[in-house]
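> Can you look at this prediction? I've put the sequence above it.
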Amino acid sequence: MNCIADVKDGACTIWAPTQSPGRVQAMAAERIGIPKENVKVHVTLIGGGFGRRLDGDYGAEAAELS
């Protein structure tokens, strides 16, 4: 799984090949403690998703690391 997150000034921008951008948004917001409205998710090309990209754990982890 790959993902890029940029957290600054109370907002988070995420670029991820996700099948569920809403889940990535919610999980990242919860993990870093900001409102989900402050998390913007850009969906990149997915390639072969096959269901694994339905979860948002990789987005939350990238946000926490940022």
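That came through fine.
> center of the chain - which residue?
Gly59 (3.2 Å; CA atoms, centre = their mean).
> Pull the contacting residues for that residue.
Each residue near Gly59 by CB atoms under 8 Å, 6 or more residues apart in numbering is listed here: Cys3, Ala5, Ile14, Ala16, Thr18, Val24, Gln25, Met27, Ala28, Val41. Just so you know, the C-beta spots here come from the backbone N, C-alpha and C atoms, and that holds for glycine as well.
> now swap in Ile32 and tell me
Residues in contact with Ile32 (CB under 8 Å, 6+ apart) are Val7, Cys12, Ala60, Ala63, Glu64.
> can you check Ser66 too?
Per CB under 8 Å, 6+ apart, neighbours of Ser66: Ala5, Asp6, Val7, Cys12.
> State the phi and psi torsions of the nearest residue to Gln25 once chain neighbours are set aside.
Counting by CB to CB, 6 or more residues apart in numbering, Gln25 lies nearest to Val39, which is 4.6 Å off, once chain neighbours are set aside. Per-residue torsions, Val39: phi -110, psi 120 (degrees, to the nearest 10).
> what's the closest of the contacts of Ser66 to Arg52?
Closest approach to Arg52 among the contacts of Ser66 (CB to CB): Ala5, at 18.5 Å.
> sorry, back to before: output the contacts of Ile32 as TSV; include the columns distance to Ile32 and pLDDT.
Below are the contacts of Ile32 laid out as TSV (distance: CB to CB, whole Å; pLDDT from 0 to 100):
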residue	distance to Ile32	pLDDT
Val7	6	98
Cys12	6	98
Ala60	8	97
Ala63	5	98
Glu64	6	97
